[in-house]
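K.L.:
here are the coordinates; sequence isn't available:
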């Protein structure tokens, strides 16, 4: 049975709106005036009065981590702490509340020392030992590019007294030369071995929790990066099981991680995988072609700005002896891109610093420049390779992205934390051309928005507000737009969160718009973000989410 959504303000494109939508099966059958749609609705069609509210295409997150999003509430939450002392207090409260078994691993997330009042020092093993010396403790910085470990965790990993130097990594040391518990980039692998792989039931439980969060926030499609730390078959199996067992799931694109491991790419190739391939279910039934599919190969070129491991072309202003960390050397980066492209894989690479962006674009140019393309083949990046985060840029880098049609997968909501440190890290000149969503828009660079949840909340609307305002509410936020020439308007922000991500996933012909023949994936909002004051956008709520013509979530009585 189809549905007729009427008395709505239906967004169909920049400055264009209709009144009603008719669905048939999992697709949109018609869009038009309320009278025309209700007259065309067959007998038995469910009628939904939208009460004059704004109806958008379902939001599509271009890059997040569903498993870790679901897990976040069970970890030590470091978000918003103002000092190491507050972190220690939260850790002790968590242990008291959860009554963890002696020796049980404690994980934490969300710590951002840039938000500390006063000294902005990272917590060391000696600080975390004040939470517990019986439990191993590993707390990740908000960006995920540094971890902070107590002595028990270092002892279990075999590196309490000494630790090797790690290429593409950083091991913090105390005055005696011993590891101080601070590990960056590839050095984080030293303690990963003490983190147990999740059981299938846990994987499904936490991913399912994240799916519920996404749907309640109007997210109907997500490109999720869960495969890096957990083995591929377990992750794919969890999603296949959830598609069988749950009534409603967002459409899932699996970003397949390499973690710099060329052998992992060889294994994907051996299996015959390629970007866009539908994942068949070996236990009965195949998901619809756009319910679960293999997305791009995903790996890292550098770290993060907050941890000073983003790879810059010139030294950090506030750390003049460092340009950050190149996680992969240039030749390895080029070789991985070339092999992936030759085997029909889209590639998206984490690059935050301008040095990383330069190296990534050089690697892409070997497969996107006219000389690299086969005679008669499609020019201009047919595999839609992209840069994830794409934060520190100059005009020359952006022009290269446009020239080679390189995609930008960005998270505007990151600016709510990063604005505090950008100028101190890279200087005002480079800050002015960074987080450059306005320049990307003017150049015509394809952009796909997301949250990188759980780095930020999975709700898309604060990200849209930051794209539009480049400021927010609160005493510690800038009173005026941070480099206002890099703002975009609400239409562009919405399009980049819907049609832009659909394009990045090769779904622009069937998703990301409210148009006949497209999937009936939609979100109804309680206020019109095109007309409310910009500072209200982040507080707008989703009233109703539809996926494939079915009501997946509703607050409508």
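P.N.:
The structure has been received and is ready for your questions. Since the model is a prediction, treat every value here as computed from it, not as a measurement.

K.L.:
helices of the stretch 251-400 of the chain, start to end?
P.N.:
In the stretch 251-400 of the chain, the segments counted as helices under DSSP state H, counting those that start in this stretch are 262-270, 330-342, 354-368, 395-403.

K.L.:
what number of residues lie near the closest residue to residue 165 other than its chain neighbours?
P.N.:
Spatially, and ignoring its direct neighbours in sequence, residue 165 is nearest to residue 171 (6.8 Å; C-beta to C-beta, 6 or more residues apart in numbering). Placement of C-beta: from N, CA and C, glycine included. The tally of other residues near residue 171 (other C-beta atoms under 10 Å) stands at 20.

K.L.:
quick check, residue 171 in a strand?
P.N.:
Yes - the assignment for residue 171 (DSSP: H, G, I helix; E, B strand; the rest coil) places it in a strand.

K.L.:
who does the top helix by length along the chain touch, helix- and strand-wise?
P.N.:
Assignment by DSSP state H gives helix 200-216 as the longest helix of the chain. When contacts are defined as 3 or more C-beta pairs under 8 Å, 6 or more residues apart in numbering; DSSP states H and E, helix 200-216 packs onto helix 66-71, helix 232-245, strand 542-547, strand 550-554.

K.L.:
quick check: mean pLDDT across that helix?
P.N.:
What helix 200-216 shows for mean pLDDT is 96.

K.L.:
list the buried ones in it?
P.N.:
202-211, 213-216 (16 or more other C-beta atoms under 10 Å).

K.L.:
and which of the residues you listed is nearest to residue 231?
P.N.:
residue 203 (10.5 Å; C-beta to C-beta).

K.L.:
is it true that the closest one touches residue 231?
P.N.:
No - using C-beta atoms under 8 Å, residue 203 makes no contact with residue 231, being 10.5 Å away.

K.L.:
max-length strand in the chain?
P.N.:
strand 292-300 (DSSP state E).

K.L.:
chain center to that one, what's the gap?
P.N.:
12 Å (C-alpha atoms, centre = their mean, to the nearest Å).

K.L.:
state the distance from the most centrally placed residue in the chain to residue 414.
P.N.:
When C-alpha atoms, centre = their mean is applied to the chain, the residue found nearest the centroid is residue 452 (2.4 Å). Relative to residue 414, residue 452 is positioned 7 Å away (criterion: C-beta to C-beta, to the nearest Å).

K.L.:
overlap of the contact sets of those two?
P.N.:
Listed as contacting both residue 452 and residue 414 by C-beta atoms under 8 Å, 6 or more residues apart in numbering are residue 389.

K.L.:
now do stretch 430-450: distance to the chain's middle.
P.N.:
17 Å.

K.L.:
actually stretch 193-203, sorry about that
P.N.:
22 Å.

K.L.:
gap between the two ends of it?
P.N.:
With C-alpha to C-alpha, to the nearest Å as the measure, stretch 193-203 spans 18 Å from end to end.

K.L.:
with stretch 208-224 instead?
P.N.:
Termini of stretch 208-224 sit 13 Å apart (C-alpha to C-alpha).

K.L.:
what's the answer for stretch 384-401, then?
P.N.:
11 Å.

K.L.:
and after the one helix or strand residue 180 maps to, which helix or strand comes next?
P.N.:
For residue 180, the host element (DSSP states H and E) is strand 179-185. Counting by DSSP H and E, the next helix or strand C-terminal to strand 179-185 is helix 189-192.

K.L.:
run the chain-centre distance for that next one.
P.N.:
Relative to its chain's centre, helix 189-192 lies at 23 Å (C-alpha atoms, centre = their mean).

K.L.:
helices and strands around it, which ones?
P.N.:
helix 151-156.

K.L.:
elements contacting the helix it packs on?
P.N.:
Partner elements for helix 151-156 (3+ C-beta pairs under 8 Å, 6+ apart): helix 125-128, strand 137-141, strand 179-185, helix 189-192.

K.L.:
part of a helix, is residue 423?
P.N.:
Yes - when three-state DSSP is applied, residue 423 is found to be in a helix.

K.L.:
go ahead and confirm it touches residue 434.
P.N.:
No - at 9.7 Å, residue 423 and residue 434 do not qualify as touching, with contact defined as C-beta under 8 Å.

K.L.:
so between those two, which is more surrounded?
P.N.:
Ranked by neighbour count (other C-beta under 10 Å), residue 423 and residue 434 place residue 434 first, with 26 against 18.

K.L.:
from residue 425, how far off is the more buried one?
P.N.:
In terms of C-beta to C-beta, residue 434 sits 10 Å off from residue 425.

K.L.:
what of residue 319?
P.N.:
8 Å.

K.L.:
tell me which of those two has more neighbours.
P.N.:
Legend: neighbour count by other C-beta under 10 Å for residue 319 and residue 425, higher for residue 425 (24 against 13).

K.L.:
rewinding a little: in TSV, list the helices and strands packed on helix 200-216 along with mean neighbour count and distance to residue 292.
P.N.:
As requested, these are exported to TSV (neighbours: other C-beta atoms under 10 Å; distance: least, C-beta to C-beta, whole Å):
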stretch	mean neighbour count	distance to residue 292
helix 66-71	25	12
helix 232-245	18	5
strand 542-547	24	13
strand 550-554	17	16
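
K.L.:
looking at the ones you listed, which is nearest to residue 357?
P.N.:
Of all the helices and strands packed on helix 200-216, helix 66-71 comes closest under C-beta to C-beta, at 25.0 Å.

K.L.:
the strands in the stretch 1-150 of the chain, which residues?
P.N.:
3-6, 9-13, 16-18, 20-24, 27-32, 46-49, 54-57, 59-64, 76-77, 106-111, 137-141, 146-149 (DSSP state E, counting those that start in this stretch).

K.L.:
so the fifth one versus strand 9-13, what angle?
P.N.:
Between the direction of strand 27-32 and that of strand 9-13, the angle (axes from the mean of the first three to the mean of the last three C-alpha atoms, to 10 degrees) works out to 100 degrees.

K.L.:
who are the packing partners of strand 27-32?
P.N.:
Secondary-structure packing of strand 27-32 (3+ C-beta pairs under 8 Å, 6+ apart): strand 20-24, helix 34-40.

K.L.:
could you give the separation of it from the chain centroid?
P.N.:
30 Å.

K.L.:
do stretch 326-338 as well
P.N.:
Taking mean C-alpha positions (C-alpha atoms, centre = their mean), stretch 326-338 and its chain are 22 Å apart.

K.L.:
likewise for stretch 204-222?
P.N.:
13 Å.

K.L.:
ok, now stretch 150-162?
P.N.:
With C-alpha atoms, centre = their mean, you get 31 Å for stretch 150-162.

K.L.:
tell me the buried residues in it?
P.N.:
150, 151, 152, 153, 154, 155, 156, 157, 159, 160.

K.L.:
what sits up against that stretch?
P.N.:
105, 125-126, 128-129, 131-138, 149, 163, 178-179, 181, 190-191, 193-194.

K.L.:
kindly check the end-to-end length of it for me.
P.N.:
Stretch 150-162: ends 14 Å apart by C-alpha to C-alpha.

K.L.:
tell me the mean pLDDT over stretch 316-325?
P.N.:
Computed over stretch 316-325, the average pLDDT equals 95.
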